[in-house]
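Colleague: Got a predicted model here, sequence first, then my questions.
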Amino acid sequence: MEAPRRLHYAWIVAGVTFLILLASAGVRATPGVLIVPLEREFGWSRATISAAVSLNLFLYGLMGPFAAALMGRLGVRRTVLISFTIVGTGVALTTLMSAPWQLIVLWGAVVGGGTGMTALVLAATVVNRWFSTQRGLVLGVLTASTATGQLVFLPVLAWVVQELGWRQAAFVVAGALVLVMPLVAFLLRDRPADLGLRPYGAPEDAVDFPPTLTANPLAEALNALREGFRSRDFWLLSASFYVCGASTNGLVGTHLIPACVDQGIPEVRAAALLALMGLFDLAGTTASGWLSDRYDNRVLLSWYYGMRGASLVYLPFGLADTSWGLTIFAVFYGLDWIATVPPTVRLTADIFGRNRAPIFFGWIVAAHQIGAATAAYGAGAIRSWTGDYQRAFLTSGALCLATAAMVLQIRGAASRDAETDRDADPAPEPQPALQVEA
């Protein structure tokens, strides 16, 4: 009788990574439910609170390329444990703050920099190291966890804020980090070779070549940035991800709940809408990962940005129709919340090679978070000046529609010169374009 197949350890690593990103997402969800309580308790303006959120989002993205290089030097497990220790300490200390500068230092700098060490580059690093097949699907699931976890946490945090206060909500997310840390310490492994394994789906004669990194992760990250500056596709991917960050984390993730409160919608109900978006995001982003293995990723990105732009243009009308309008927005926007990540990661790997892709993607994520930081502060400032968010939503929608056309100009694997392919990765087979029936 044939012996049953053992579960490949890659799936255990993917499961632990999912929980890491889920817990980290809970931390990033917290500002959405803190803006109004902090405004009420301390009298701080929405622009002031948004400045701390903006710094948080900026540092979250800026840490990406350095975190990728650090994972190559210290390993994924050590990097995650350091990150969670920093973030947990910063979150706990925010419960003692009493002045705006403390919010900016603790939530903006400490928590922002710490969460940046477990940014989207973690998912890209794990998938590239542990999976030879099913990369797009696994990346889609891991990517969905970063948004789905963030959105599913929101109703819980909103209820805790309403019933127990915002300080208790901070302790909830700090506790989530503490619960995940033992799993990271005992189950997470850096590479298949550490356990005498090949990546999942790799042929028997496959050889795992670790990337050649310098002794200095800072130098490695900066070298990748200099190389990226010479690539047209790097600029196009970065510009598109800038708009992605502005239209998701920066705008909707930070300001949708306050915008709902402005319309007289209770915070718990507004948070429930974000949770609904999270459920549809899980389906949309997982499907995006599956599609990214099979179709032209430039066409996928164009569809995603076009759908998001249309959703954001509709949002001001949805806010006016508090019965079904916001539910319709939550469904369609949720399907597209972070579906742009799998195609962007695949294009980055096609252009710069699989082993070095996480560092280049880290810089692209930095552009994403610069966009998020700009929108987080800008939308708060617009609300303070005009009394509503309508201009912010419409501007973001227009940028997404323009980006839908821009991403079609990415050349993809064809732009990667063979001399710069240091990983010796074979160019992927051409992927069919999506066919749309009339």
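Modeller: Right, received. Where do you want to start? Residues are numbered from 1 along each chain as shown.
Colleague: quick one: contacts of stretch 267-274?
Modeller: Residues from elsewhere that reach stretch 267-274 (CB atoms under 8 Å, 6 or more residues apart in numbering): 32-33, 36, 151, 154-155, 157-159, 161-162, 256-257, 260-261, 326-327, 330. For every residue, glycine as well, the C-beta is placed using N, CA and C.
Colleague: go on, stretch 39-54?
Modeller: Residues from elsewhere that reach stretch 39-54 (CB under 8 Å, 6+ apart): 31, 34-35, 38, 98, 100, 103-104, 107-108, 166, 250, 254, 258, 373-374, 376-377, 379-381, 383-384.
Colleague: Of these, keep whichever come out buried.
Modeller: 31, 34-35, 38, 100, 103-104, 107-108, 166, 250, 254, 258, 373-374, 376-377, 379-381, 383 (16 or more other CB atoms under 10 Å).
Colleague: where in the stretch 51-200 of the chain is pLDDT low?
Modeller: The model of the stretch 51-200 of the chain has pLDDT under 70 over residues 147-148, 150-151.
Colleague: where along it do the helices fall?
Modeller: Here the stretch 51-200 of the chain has its helices, by DSSP state H, counting those that start in this stretch, at 76-94, 100-103, 112-116, 120-130, 135-163, 166-187.
Colleague: Would you convert those helices into TSV that also reports distance to Phe360?
Modeller: As requested, the helices of the stretch 51-200 of the chain are exported to TSV (distance: least, CB to CB, whole Å):
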stretch	distance to Phe360
helix 76-94	18
helix 100-103	33
helix 112-116	16
helix 120-130	10
helix 135-163	15
helix 166-187	25
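Colleague: out of those helices, nearest to Asn297?
Modeller: Asn297 sits nearest to helix 135-163 of all the helices of the stretch 51-200 of the chain, at 9.1 Å, using CB to CB.
Colleague: What helices and strands are in contact with the closest one?
Modeller: Secondary-structure packing of helix 135-163 (3 or more CB pairs under 8 Å, 6 or more residues apart in numbering; DSSP states H and E): helix 9-42, helix 120-130, helix 166-187, helix 267-292, helix 341-352.
Colleague: With distance to Val87 as added columns, please give those in TSV.
Modeller: Below are the helices and strands packed on helix 135-163 laid out as TSV (distance: least, CB to CB, whole Å):
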stretch	distance to Val87
helix 9-42	6
helix 120-130	13
helix 166-187	6
helix 267-292	21
helix 341-352	21
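Colleague: Nearest to Phe234, out of these?
Modeller: Taking the helices and strands packed on helix 135-163 one by one with CB to CB, helix 341-352 is closest: 7.5 Å.
Colleague: orientation of the helix or strand just after the closest one relative to helix 341-352 in degrees?
Modeller: Using DSSP states H and E, the next helix or strand after helix 341-352 towards the C-terminus is helix 357-386. When axes from the mean of the first three to the mean of the last three CA atoms, to 10 degrees is applied, the directions of helix 357-386 and helix 341-352 differ by 130 degrees.
Colleague: Name the nearest residue to Val110, sequence neighbours excluded.
Modeller: Gly90 (3.5 Å; CB to CB, 6 or more residues apart in numbering).
Colleague: Report the separation between the one you found and Thr17.
Modeller: 22 Å (CB to CB, to the nearest Å).
Colleague: Same check on Gln168?
Modeller: 28 Å.
Colleague: Then Ala109?
Modeller: From Ala109 over to Thr17 the distance is 26 Å, taken as CB to CB.
Colleague: Which residue of the two possesses the greater neighbour count?
Modeller: Thr17 (25 against 16; other CB atoms under 10 Å).
Colleague: Let me see the contact set for that one.
Modeller: In this structure, Thr17 makes contact with Leu122, Ala123, Val126, Leu142, Leu188, judged by CB under 8 Å, 6+ apart.
Colleague: Name the nearest of those residues relative to Phe66.
Modeller: Checking the contacts of Thr17 one by one against Phe66 (CB to CB), the nearest turns out to be Leu122, at 12.8 Å.
Colleague: burial count for the closest one?
Modeller: 25.
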